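Peer 1: compute the structure for the input listed below.
(2 chains)
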Amino acid sequence: MLRSPIIVLLLAAASATATATAVIPSQIDVAPLFAEQVVQADGTVVAKPVSGMEVVVARIGGDGKPVLACVESAEAAKRFLEAPIDQVARKRKEQ
Amino acid sequence: MIRRALLIAILLFSVQAFAGTGRIVILNNDAANTGLNDPTPAAPVGGNSGTTLGQQRLNVYLAAAEKWQNVLDTNVDIRVRASFAPITGCTDTEGVLGQASPMDWSLNFENAPKANVWYPIALANKFANRDLAPTIDDINVRFNSSVDNATCLGATNWYYGLDGNHGVHIDLFVVVLHELGHGLGIAGAGVTPAFRDNMPAIADTHTFDVSTGLRWDQMSLEQRQVSELNTGNLVWDGENVRNATRTFLQATTTLSVSSPAPIAGAYDIGTAAFGPEANSSPVAGRIALAADEMNTDGPSNTDGCTAFTNTSSIAGNIALIDRGSCTFVTKARNAQAAGAIGVVIGDNTRTTCAPPGMGGTAPDVTIPIVSITQGAADTLKTQLFAVNGSVQASLRTDPSQLAGTKQGYVRLYAPCTFEPGSSIRHWDITADPDLLMEPSISSDLLHGLDLTVQQLLDIGWSLPPRTGRRVLKR
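Peer 2: Have a look, this model is predicted:
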């Protein structure tokens, strides 16, 4: 069976080195999804982590198709959202 | 009953019980005219007969719930708090699709199989044979309704059909199946790799690091912090999954080192977009380190960027070449010209978790070319540089080596820190065919539950008597 067809933004440059890791700042803050707001006895509100939370994020790949990632931390979501798109597409081929 | 007061509208739906008396109950948590109650007309699609957006969304929830209910046995209803609402943060190119979690966790309840271990509340209820937390729902699932807007992920929308014909859109049915899997117990009770109150979740008791021989519940926090990045070595040790691997996973091609014994074994490979596939052109022989001139084409004498100077060593053998300075195609052509029967490219960085895939076009390359990690390449080189050092290896599909496994166990997704996206609560992405609980929720999934059923059996769920093994086929 074929793997995901979501692939492949072949780099034109023959860098032949490890993949470049330019960070593309994400406009999405997923941190609130991993926490719930809890009102304390004194009325202050604190963010309490939610146990076992899994969040699905998506990006549009170079081929116009969505690339998904299910993550369990805001840090992991940020890495997925800010990585070069060719790195998050599966079965990518480097030059 | 604060929770109930917060619900603007609750419509209760359930799917028919197939065994036991428990059902999976979908609690519609959305307000009138929104989300699961959206009255926007919609044409029936792909077996989904709903005629409004809200009906179609709800039908997908119900179909996914029925799929799970068909393979799980419980006498206690599993209540899913379901919603379809805008989730802040979505652009033309990125966005949040949804989220899910068990609503609560329980430990040391009556009939708990293991002491001092957290169970998701739905599973704890099953063992206790009663609802341990009747005022709390069991699973929380929410999806982003904004995906259907042009401003969120552009022209990509949710696909509400039940037939898998989603095209460039996102198959909601598969994503709901996946998220319910987390809610049923493929999850941690704390903020991974930490434990809640220093006690493991049931999934942690099957999370096993083959390089240390320890399960996560046997490790300190510091050990788990290392283990969650131990790419390729973190696995699921449950017997049900282990016994079913051959049903769901196919054999994979590896670099198989047969001697010397200390380094013998199957090494993961990356594949190339050119040259024959290693599984169609198996080769076996001695590994020989390429040697070429250090020049402007390549400053190293092992980068294979110019004609080899040790053709007598390379001819008839498998060439080991360092990555860097020129294209993979150039390296392969130089190796082929020197008489190599295959090419192994050693990566030139430790910041990647897995051997790289290799791009390029070269119809003239007729020998297989694969890549290995820098660590694996260093292992081979150490042997080659030893006195009388020699390495015998083959590139072939090994029927005993299943894709996405390690020592017979199915790997969990434990990417190094440099890999984007992460969660050990998923299968590793080297599994082939794709599995439902891989983190990428691949677009080619066939609506099967595959190894997730066995994973749930490993944490304590059971099959309905009527279901037997028949339903486990992909």
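
Peer 1: please count neighbours and contacts with C-alpha atoms only from this point.
Peer 2: Will do.

Peer 1: which helix or strand in the chain has the lowest average pLDDT?
Peer 2: Looking at chain A here, since you left the chain open. None of the helices or strands of chain A scores lower by mean pLDDT, DSSP states H and E than helix A:85-88, at a mean of 68.

Peer 1: now the helices: where do they sit in chain A?
Peer 2: Counting by DSSP state H, residue ranges of the helices within chain A are A:74-82, A:85-88.

Peer 1: to B:I24, which of those helices lies closest?
Peer 2: helix A:74-82 (29.5 Å; Cα to Cα).

Peer 1: tell me which residues of the closest one are tucked away?
Peer 2: Neighbour counts using 16 or more other Cα atoms under 10 Å in any protein chain shown place A:A74, A:A76, A:A77, A:K78, A:R79, A:F80, A:L81, A:E82 of helix A:74-82 among the buried residues.

Peer 1: the domain parsing of chain B - what is it?
Peer 2: B:2-185, B:251-402 (automatic domain parsing).

Peer 1: hmm, back to that, could the buried residues of helix A:74-82 go into JSON lines alongside distance to B:L402 and pLDDT?
Peer 2: Putting those into JSON lines (distance: Cα to Cα, whole Å; pLDDT from 0 to 100) gives the following:
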{"residue": "A:A74", "distance to B:L402": "32", "pLDDT": "87"}
{"residue": "A:A76", "distance to B:L402": "28", "pLDDT": "87"}
{"residue": "A:A77", "distance to B:L402": "29", "pLDDT": "89"}
{"residue": "A:K78", "distance to B:L402": "32", "pLDDT": "88"}
{"residue": "A:R79", "distance to B:L402": "29", "pLDDT": "85"}
{"residue": "A:F80", "distance to B:L402": "27", "pLDDT": "87"}
{"residue": "A:L81", "distance to B:L402": "31", "pLDDT": "89"}
{"residue": "A:E82", "distance to B:L402": "32", "pLDDT": "87"}
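
Peer 1: how about the strands of chain A, start to end?
Peer 2: Using DSSP state E, the strands assigned to chain A run over residues A:35-39, A:45-49, A:54-60, A:66-71.

Peer 1: which helices and strands sit right next to the first one?
Peer 2: Counting contacts by 3 or more Cα pairs under 8 Å, 6 or more residues apart in numbering or on different chains; DSSP states H and E, strand A:35-39 packs against strand A:45-49.

Peer 1: cool, and the longest one?
Peer 2: Contacts defined by 3+ Cα pairs under 8 Å, 6+ apart place strand A:54-60 against strand A:66-71, helix A:74-82, strand B:94-102.

Peer 1: quick one: contacts of it?
Peer 2: Residues from elsewhere that reach strand A:54-60 (Cα atoms under 8 Å, 6 or more residues apart in numbering or on different chains): A:33-34, A:66-73, A:77, A:81, A:85, B:93-101, B:153, B:179, B:182, B:187.

Peer 1: so B:G375 touches B:C353, yeah?
Peer 2: No. Using Cα atoms under 8 Å, B:G375 is not in contact with B:C353, being 10.2 Å away.

Peer 1: looking at the two, which is more packed in?
Peer 2: Between B:G375 and B:C353, counted using other Cα atoms under 10 Å in any protein chain shown, B:C353 has the larger neighbour count: 19 against 14.

Peer 1: contact residues of the stretch 201-350 of chain B facing chain A?
Peer 2: For the stretch 201-350 of chain B, the residues found near chain A under the criterion Cα under 8 Å from any Cα of the partner chain are B:A272, B:A273, B:R323, B:G324, B:S325, B:C326, B:T327, B:F328, B:D347, B:N348, B:T349.

Peer 1: now do 10 Å
Peer 2: Neighbours of chain A within the stretch 201-350 of chain B, by Cα under 10 Å from any Cα of the partner chain: B:201, B:250, B:270-273, B:323-329, B:347-350.

Peer 1: could you do the stretch 1-150 of chain B as well?
Peer 2: If contacts are counted using Cα under 10 Å from any Cα, the residues of the stretch 1-150 of chain B sitting beside chain A are B:87-105, B:120, B:140-144.

Peer 1: sorry, back to before: including distance to chain B, could the helices of chain A go into JSON lines?
Peer 2: Formatted as JSON lines, the helices of chain A follow (distance: least, Cα to the nearest Cα, whole Å):
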{"stretch": "helix A:74-82", "distance to chain B": "4"}
{"stretch": "helix A:85-88", "distance to chain B": "7"}
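
Peer 1: so the closest residue to B:Q383 other than its chain neighbours, which of the three states?
Peer 2: Counting by Cα to Cα, 6 or more residues apart in numbering or on different chains, B:G389 is the residue found nearest to B:Q383 once chain neighbours are left out, at 5.4 Å. B:G389 carries the three-state label coil when classified by DSSP: H, G, I helix; E, B strand; the rest coil.
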